[in-house]
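J.: following is a predicted model, sequence given first.
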Amino acid sequence: MDNQTLIAIAALVLANIGTTIGLFTWSTNQATTATQNHREETNAILKGIADEMKQFHEEMKIIHGRVCTVEEKVKNKLQD
């Protein structure tokens with residue numbers, strides 16, 4: 001083998017290594033960004049669900065109070 005062939009092979013090896021490292025770094029950064037975005041979206045959804053559950057709980061308290069009032073009225077009418 002002459003020097004030009006060895007230089008060409010070395011250049012190809014270095015180019016492949018550089019490309020592999022570059023693509024690995026890029027994909028790692030993309031995965032980190034995607035994971036962070038996914039966490040933010042998930043937290044926003046969970047916060048929305050928690051808010052809805054609180055509102056639902058408050059509405060159930062109101063309805064329970066109304067049902068108790070109606071039951072008392074019916075109970076009093078039945079006793080009369």
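T.: Done, it's in. Residues are numbered from 1 along each chain as shown.
J.: helix or strand for the most centrally placed residue in the chain, which one?
T.: Geometric centre of the chain, nearest residue: Thr42, 2.5 Å, by Cα atoms, centre = their mean. Take DSSP states H and E as the rule and Thr42 turns out to sit in helix 3-79.
J.: how much space between Ile62 and Thr25?
T.: 57 Å (Cβ to Cβ, to the nearest Å). Bear in mind the C-beta positions are built from the backbone N, C-alpha and C, glycine included.
J.: dump stretch 33-49 to CSV, restricted to CA.
T.: C-alpha atoms of stretch 33-49 as CSV (Å, rounded to 0.1, in the frame of the first residue of the first chain):
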residue,chain,number,x,y,z
THR,A,33,-35.3,18.4,24.8
ALA,A,34,-38.2,16.1,23.9
THR,A,35,-38.2,14.5,27.3
GLN,A,36,-38.3,18.0,29.0
ASN,A,37,-41.2,19.1,26.7
HIS,A,38,-43.1,15.9,27.5
ARG,A,39,-42.7,16.4,31.2
GLU,A,40,-43.9,20.0,31.0
GLU,A,41,-47.0,18.9,29.0
THR,A,42,-47.7,16.1,31.4
ASN,A,43,-47.5,18.4,34.4
ALA,A,44,-49.8,20.9,32.7
ILE,A,45,-52.3,18.1,32.0
LEU,A,46,-52.1,16.8,35.6
LYS,A,47,-52.6,20.3,37.0
GLY,A,48,-55.8,20.6,34.8
ILE,A,49,-57.1,17.3,36.0
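J.: gap between that stretch and the chain center?
T.: Averaged C-alpha coordinates place stretch 33-49 at 3 Å from its chain's average position (Cα atoms, centre = their mean, to the nearest Å).
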